[in-house]
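Peer 1: Show me the folded form of this:
(chains A and B)
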Amino acid sequence: MSRPYPGALTISHRVLRTLVVLNVVYGLGILGLLVASLIAPGWLFPALGVRLAGDSGAGLLGMRLIMVVGIASAPIAHVILTRLLAIVDTVRAGDPFVVENGVRLQTIAWSVLGLELLHLVVGAIAASSAVSEQLDLDWSFSITPWIAVLLLFVLARVFDHGARMRAELEGTV
Amino acid sequence: MSIIVKLDDQLHARRMTLTELSGKIDISLANLSILKTGKARAIRFSTLEAICAALACQPGDLLAFDPTIPPEEA
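Peer 2: Sure thing, here's the model as predicted:
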């Protein structure tokens, strides 16, 4: 049987490594924005094109909370990307059906769940009347990531079970 | 493990080496060596059948149970 897209794994490895770096830059960037919003809000928000109407206290708080959520999402995304990179590396090494990959998939599932919960937090901030008067946040709920979370948990179990079955078969003559 | 593989005794009785047995049946020398040294965790019926056919013996001639040896932990 021919291997489908033999270069795909190398490309995936490079893309994931790039995304790991970009995610760190993203996290530091949001952290920088948060610091700037605390030090010089009068400069930052007009520079970002944000016009806070009337009493801007709730709008500022909402923006800062969303920045905190953004900062919190960076380490979670880092966990997802590094675990995925480790899985891709085991495929490249020719032995992906190991118990460790089941654990990695489960970690990814929990992390995606964490990101979705943070997305809900942003939704709650966006929905709060005080903030919605000040900021126009384009937030919407989607069922697809939740199905992906469920799928990841199921896949992690399947992988774990498969890896254990293979380990059992290894001692069979 | 309390299951003992007596392949070595059967080979010795027939003046046959493991390499010769491997040549007679479609099982690698490495796998037969694992079986002979008692390191195998399981044996397929097809393997047992091939060895019994090659050595003209019964499964009971190849395997024995010794209750004094503690069972292997899963």
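
Peer 1: In chain B, what residue lies closest to chain A?
Peer 2: Using CB to the nearest CB, residue B:41 is the residue of chain B that sits closest to chain A, at 2.9 Å. C-beta here means a position set from N, CA and C on the backbone, and glycine is covered the same way.

Peer 1: Run a quick neighbour tally on the spatially closest residue to that residue that is not a sequence neighbour.
Peer 2: In space, and not counting its chain neighbours, residue B:41 is closest to residue A:171: 2.9 Å by CB to CB, 6 or more residues apart in numbering or on different chains. Using other CB atoms under 10 Å in any protein chain shown, the number of residues around residue A:171 comes to 12.

Peer 1: Quick check: longest helix in chain B by residues?
Peer 2: What stands out as the longest helix in chain B, according to DSSP state H, is helix B:45-55.

Peer 1: List the buried residues in it.
Peer 2: Applying a neighbour-count criterion of 16 or more other CB atoms under 10 Å in any protein chain shown, one finds B:47, B:48, B:50, B:51, B:52, B:54, B:55 buried in helix B:45-55.

Peer 1: would CSV of those with distance to residue A:148 and pLDDT be doable?
Peer 2: Shown next, in CSV, are these (distance: CB to CB, whole Å; pLDDT from 0 to 100):
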residue, distance to residue A:148, pLDDT
B:47, 43, 93
B:48, 46, 95
B:50, 47, 95
B:51, 50, 96
B:52, 52, 96
B:54, 53, 94
B:55, 56, 95
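
Peer 1: same for chain A: which of those residues are within range?
Peer 2: residue B:47 (CB under 8 Å from any CB of the partner chain).

Peer 1: Out of the buried residues of helix B:45-55, which comes closest to residue A:153?
Peer 2: Distance to residue A:153 across the buried residues of helix B:45-55 (CB to CB) is lowest for residue B:47, with 37.8 Å.
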